[in-house]
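> Structure, please.
(chains A, B, C and D)
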Number of protein chains: 2
Amino acid sequence: MAGSLAEVARRAGVSVATASRALNGSRHPVSDEIRERIALAAAEVGYAPSAIAQALVTRKSRIIGVIVGDIVDPYFAEITRGAEDVARRAGYLTIVCNTDRAPATELAYLRLLHDYRAEGVIFAGGGQVAAGAGSASAAQLSEGAQLSEAVESVRADGIRVVSLAARNFESMRVTVDDRAASYDITSYVCSLGHRRVCYVTGPPGLSTSAARLAGFQAAMADAGLSADEVHPGEFDFLSGQQVALRLVGRPLPDAVICANDESAIGVLTTLRQAGVDIPGEVSVAGLDDTRVSRFVDLTTVSVPMYERGAIAARHILDAGPSAAGDLVLPHRLVPRGTTARRRSSGSKRQRRETPLTAATEAR
Amino acid sequence: MAGSLAEVARRAGVSVATASRALNGSRHPVSDEIRERIALAAAEVGYAPSAIAQALVTRKSRIIGVIVGDIVDPYFAEITRGAEDVARRAGYLTIVCNTDRAPATELAYLRLLHDYRAEGVIFAGGGQVAAGAGSASAAQLSEGAQLSEAVESVRADGIRVVSLAARNFESMRVTVDDRAASYDITSYVCSLGHRRVCYVTGPPGLSTSAARLAGFQAAMADAGLSADEVHPGEFDFLSGQQVALRLVGRPLPDAVICANDESAIGVLTTLRQAGVDIPGEVSVAGLDDTRVSRFVDLTTVSVPMYERGAIAARHILDAGPSAAGDLVLPHRLVPRGTTARRRSSGSKRQRRETPLTAATEAR
DNA sequence: TTGTACGCGTTATCAT
DNA sequence: ATGATAACGCGTACAA
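Below you'll find the predicted structure:
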């Protein structure tokens, strides 16, 4: 039913060339009379320009791909929303590619996007980092090499790739200093007087997890505190919940810092449900500044996801030589209601009023 | 740099026809020797088949679109994930289309997908329902008519459209009985002995909101209770939070039921933060069974989003005459920890023990 | 201002 | 088993 340009031209009694010029945004002049005839004919046959054919001849697919771990994860969803917003306004299509962080799936999707001649692809998440001593190390290395090779091939074809976190292949980068962000939130929590602070990590082997953990450890070291209460997590609510459940049986820590907001909300919610007063008894902090974090009043650090997605997309569309080097956006500490000054340790459970020691008060 | 089929053929000393047959999944026989020569040449030039060209000649774009309100909303994210999962396994691309429920944007996206000859489009959310007395009623009606017309045109072109909620255009449907789901959760809450139960609605004018509100009202009526404490909401966390804040100053209701999980989590979190015991003092229930609802132990009703997305996508791919009529999936009440039997009203604030009246205990 | 004709990269038909 | 060649629907020199 979708009339082709040829059909429209025939009905309007003009050549396909003029029809093309009249219907699509061509700077080529067309007389108003003919233009109207064509518009009419187009409406009659319900003409819908074949973006496929246009892409083929124009060599511009108006397609961008966003490779994410899981679109259900707010972190990735916000990035995707940012990218889609600018893509939509430009008449571009946004492909969402869930990979569950599996390099093989990333590779498969990259190839598919290559086949579709996507104009650009955004790697939203971090990548696997060479594991120190893993049994699957060889396979992973090979996968990493394959991906890196594929990225190179894709870039050679003029497809613009930009990554939003550390990856082991070359590409434009629109990132944030994860290590510094983690360092900042940690020092902030320490500055509140907390001494025993736990940490919930992100998935092992992920560059982002590593950077954030490193930031935590560095800040703790600089504060003269021990950073040995590190619980493995997976960036999800469940991880936080499980850690919280384990925490609640024993003497509570002063604070728990999580590698991301999802897991922080997990510990926050679970701890509160267990009757723990947050931030009265223990402070909780995350990292991301996800949309819901604002609502639950979680103190965290903003590492603008939406903006990074939008900027990445814009970079892809502004095909110009704006290939300016990497971009590292500023992060911003967002102190909110889930953290507070440490109360004297004695007052925690027994509610006994103990004067603060000078040492605790100092900074 | 991406070698074309012609180039590969030339380097292998064969015709494009054979190259095509060897490289892509063709049942046509090709001698092993030549097949290898072609594979080699393809590898040398880094051949990547042009899905665009294939789509043009094949008339199969291997593209499906998912029209959602906002991908950041877990409801839509889970639907999208379901669709993408089956699309990916079939080598299809999934386009995300955020519309913020604006009919104009839906229309624009539908047209764009039409241009790309998407093989199918999934309308994930409900639609605007003819408002009783609105000033913008005329404009909306026109927009509704336009969309409905566009859907018809698109379907005439062989594009399969399936909606996951009530819409005012014809299409296959993979839905759930929202009214019944809402009725069920409401009667469940009432069966717990609660009498004063508030409701937080979804966005006005939305078919889904209307169905769910109707279910609530019907159940309340059937329970002989008054359903006049209805607070307007927007399906988001903020709505729930605001309602909770308003509730907390005055005598608390027995329970509050929300049109969806997001807003339910909003009231749950906010109420708890305000020191209200859930479900001790007030019960809270939602509707959707979103992923995080499982974690916060919210009682709700499952209206399988992931499955609906997956089924819709499968329907699009199985282009066969499986155009079986509409499908309405079963919903399932999921009682969890945010609801409990009503405690005697007197014990709520003053903790005064008052014997339950027979009337309260009866059912 | 309008029309002709070629090419974009593939698949498919028909010979060979 | 392999090879020409005609579409697919459109943009765009180039010609008129």
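
> what's the lengthiest helix in chain A packed up against?
Scanning chain A for the helix with the most residues, using DSSP state H, yields helix A:137-156. Contact partners of helix A:137-156 among helices and strands, from 3 or more C-beta pairs under 8 Å, 6 or more residues apart in numbering or on different chains; DSSP states H and E: helix A:103-115, strand A:160-163. Every residue, glycine included, has its C-beta placed from N, CA and C.

> What are the buried residues along the shortest one?
Residues of strand A:160-163 classed as buried by neighbour count (16 or more other C-beta atoms under 10 Å in any protein chain shown): A:160-163.

> cool, and stretch A:169-179?
Here stretch A:169-179 shows A:169, A:171-179 as buried, counting by 16+ other C-beta under 10 Å.

> repeat for stretch A:305-318
Applying 16+ other C-beta under 10 Å to stretch A:305-318 flags A:305-317 as buried.

> With stretch A:101-117 instead?
A:101, A:103, A:105-110, A:112-117.

> Double-check that residue A:220 belongs to a helix.
Yes - counting by DSSP: H, G, I helix; E, B strand; the rest coil, residue A:220 is found in a helix.

> got a list of what the nearest residue to it once chain neighbours are set aside touches?
Closest residue to residue A:220 apart from its sequence neighbours, by C-beta to C-beta, 6 or more residues apart in numbering or on different chains: residue A:227 at 3.7 Å. Residue A:227 is in contact with A:199, A:216-217, A:220-221, counting by C-beta atoms under 8 Å, 6 or more residues apart in numbering or on different chains.

> Is it correct that residue A:194 is in contact with residue A:343?
No - with contact defined as C-beta atoms under 8 Å, residue A:194 does not count as touching residue A:343 (10.2 Å).

> Of the two, which one has the most company?
residue A:194 (25 against 19; other C-beta atoms under 10 Å in any protein chain shown).

> show me where the stretch 201-350 of chain A has helices.
A:207-222, A:237-247, A:261-273, A:291-295, A:305-317 (DSSP state H, counting those that start in this stretch).

> which of those is buried the deepest?
helix A:261-273 (a mean of 27; mean count of other C-beta atoms under 10 Å in any protein chain shown).

> With only the CA atoms kept, save that one in PDB.
Extracted in PDB, the C-alpha atoms of helix A:261-273 (Å, rounded to 0.1, in the frame of the first residue of the first chain):
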ATOM      1  CA  ASP A 261      22.800   3.700  44.100                       C
ATOM      2  CA  GLU A 262      20.900   0.500  43.400                       C
ATOM      3  CA  SER A 263      22.800  -1.400  46.000                       C
ATOM      4  CA  ALA A 264      22.800   1.500  48.400                       C
ATOM      5  CA  ILE A 265      19.000   1.600  48.200                       C
ATOM      6  CA  GLY A 266      19.100  -2.100  48.900                       C
ATOM      7  CA  VAL A 267      20.900  -1.600  52.100                       C
ATOM      8  CA  LEU A 268      19.000   1.500  53.000                       C
ATOM      9  CA  THR A 269      15.700  -0.100  52.600                       C
ATOM     10  CA  THR A 270      16.600  -3.400  54.300                       C
ATOM     11  CA  LEU A 271      18.300  -1.800  57.200                       C
ATOM     12  CA  ARG A 272      15.400   0.500  57.900                       C
ATOM     13  CA  GLN A 273      13.000  -2.400  57.600                       C
END
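
> and chain A, which residues reach DNA strand C?
A:13-18, A:21, A:28-31, A:33-35, A:53, A:56-57 (C-beta under 7 Å from any atom of the strand).

> Next one: residue A:224 from DNA strand D, what distance?
With distances taken as C-beta to the nearest atom of the strand, to the nearest Å, residue A:224 is found 65 Å from DNA strand D.

> and the residue of the stretch 101-250 of chain A nearest DNA strand D?
Nearest residue of the stretch 101-250 of chain A to DNA strand D: residue A:117, at 13.2 Å (C-beta to the nearest atom of the strand).

> doesn't residue A:186 make contact with residue A:220?
Yes - applying C-beta under 8 Å as the test, residue A:220 and residue A:186 come out as touching, 6.3 Å apart.

> residues shared between the contacts of those two?
Counting by C-beta under 8 Å, 6+ apart, the residues touching both residue A:220 and residue A:186 are residue A:197.

> Look up the closest residue to residue A:256, ignoring the ones flanking it.
Using C-beta to C-beta, 6+ apart, the closest residue to residue A:256 is residue A:198 (4.4 Å).

> What of residue A:7?
residue A:45 (5.7 Å).

> pLDDT score for the one you found?
Per-residue pLDDT puts residue A:45 at 96.

> how about the strands in chain A?
A:63-68, A:93-98, A:120-123, A:160-163, A:172-176, A:197-200, A:230-231, A:255-258, A:283-285, A:300-302, A:327-329, A:332-334 (DSSP state E).

> any chance of those in CSV, with distance to residue B:337 too?
Output for those, formatted as CSV (distance: least, C-beta to C-beta, whole Å):
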stretch, distance to residue B:337
strand A:63-68, 31
strand A:93-98, 30
strand A:120-123, 39
strand A:160-163, 41
strand A:172-176, 37
strand A:197-200, 23
strand A:230-231, 24
strand A:255-258, 23
strand A:283-285, 21
strand A:300-302, 26
strand A:327-329, 40
strand A:332-334, 30
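
> will you turn those strands into TSV that also has mean pLDDT?
What follows is the strands of chain A, written out as TSV (pLDDT from 0 to 100):
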stretch	mean pLDDT
strand A:63-68	99
strand A:93-98	99
strand A:120-123	98
strand A:160-163	98
strand A:172-176	98
strand A:197-200	98
strand A:230-231	98
strand A:255-258	98
strand A:283-285	98
strand A:300-302	98
strand A:327-329	97
strand A:332-334	98
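
> what ranges of the stretch 201-350 of chain A fall below the confidence cut-off?
A:320-324, A:344-350 (pLDDT under 70).

> Tell me, how many residues neighbour the closest residue to DNA strand C within it?
Nearest to DNA strand C, among the residues of the stretch 201-350 of chain A, is residue A:319, at 17.7 Å (C-beta to the nearest atom of the strand). Neighbour count for residue A:319, taken as other C-beta under 10 Å: 13.

> Report the separation between it and residue A:170.
18 Å (C-beta to C-beta, to the nearest Å).

> Equivalent analysis for residue A:45, please.
For residue A:45 relative to residue A:170 (C-beta to C-beta), the value is 48 Å.

> And for residue A:278?
Residue A:278 is 43 Å from residue A:170, by C-beta to C-beta.

> Also residue A:42?
From residue A:42 across to residue A:170, the span is 45 Å (C-beta to C-beta).

> now do residue A:66
Distance from residue A:66 to residue A:170, by C-beta to C-beta: 19 Å.

> same thing with residue A:101?
According to C-beta to C-beta, residue A:101 and residue A:170 sit 20 Å apart.

> Up against DNA strand D, what does chain A have?
A:4-6, A:16-17, A:20-21, A:23-24, A:26, A:47, A:49-50, A:53-54, A:56-58.

> Buried among those residues? Make that a PyMOL selection.
Selection of buried members from these for PyMOL, criterion 16+ other C-beta under 10 Å:
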select buried, chain A and resi 4+5+20+21+23+47+49+50+53+54+56
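
> Keep only the residues of chain A next to DNA strand D that also lie close to chain B.
A:49-50, A:53, A:56 (C-beta under 8 Å from any C-beta of the partner chain).

> With pLDDT as new columns, can these be given to me in JSON lines?
Below are these laid out as JSON lines (pLDDT from 0 to 100):
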{"residue": "A:49", "pLDDT": "98"}
{"residue": "A:50", "pLDDT": "98"}
{"residue": "A:53", "pLDDT": "98"}
{"residue": "A:56", "pLDDT": "98"}
